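[1] This is the structure alone, sequence omitted:
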């Protein structure tokens, strides 16, 4: 079952946020469900089709939102006192780094997307002025 798999993950990687998410983490989950997930098929279409410069603004919004969310999550993993949590959280630096390594790709990929949208000349908009 999925609940057993979730329990195994939370126990193995000492991730109490998955079993008892703080309110701010729940807000990120709702953002993921209602903002990020709908973005995926749109982005997949744009990148597979190619030449879709209109994806630049939605991709910048998506990647900055995800990166901002992940900074908060990573800071929580690194600095929160999990000894007060009902579920077992990371206690040692090694356990915190292991959990951090699970979340880190969710930051790196949006940062790569943001870098691509901002720096790749193909996605930079060049506005043409209309002649009167």
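    Cool, the structure landed. All values derive from a computational prediction rather than experimental measurement.
[2] Strands of this protein, residue ranges please.
    Secondary structure of the chain (DSSP state E): no strands located.
[3] Please compute how far the helix of greatest length in it lies from its chain's middle.
    Secondary structure of the chain read by DSSP state H shows that its longest helix is helix 56-79. Using C-alpha atoms, centre = their mean, to the nearest Å, we find the averaged C-alpha position of helix 56-79 to lie 5 Å away from the chain's own average C-alpha position.
[4] What of stretch 42-59?
    Centroid separation for stretch 42-59 versus its chain: 19 Å, with C-alpha atoms, centre = their mean.
[5] Of all the residues in that stretch, which ones are buried?
    The neighbour-count check on stretch 42-59 (16 or more other C-beta atoms under 10 Å) flags 43, 46, 55-56, 59 as buried. Just so you know, the C-beta spots here come from the backbone N, C-alpha and C atoms, and that holds for glycine as well.
[6] how much space between residue 44 and residue 59?
    12 Å (C-beta to C-beta, to the nearest Å).
[7] where does the chain have low pLDDT?
    Scanning the chain for pLDDT under 70 picks out the ranges 125-132.
[8] This protein: helices as residue ranges?
    Along the chain, the stretches classed as helices by DSSP H are 2-12, 16-19, 23-31, 37-49, 56-79, 93-103, 105-119.
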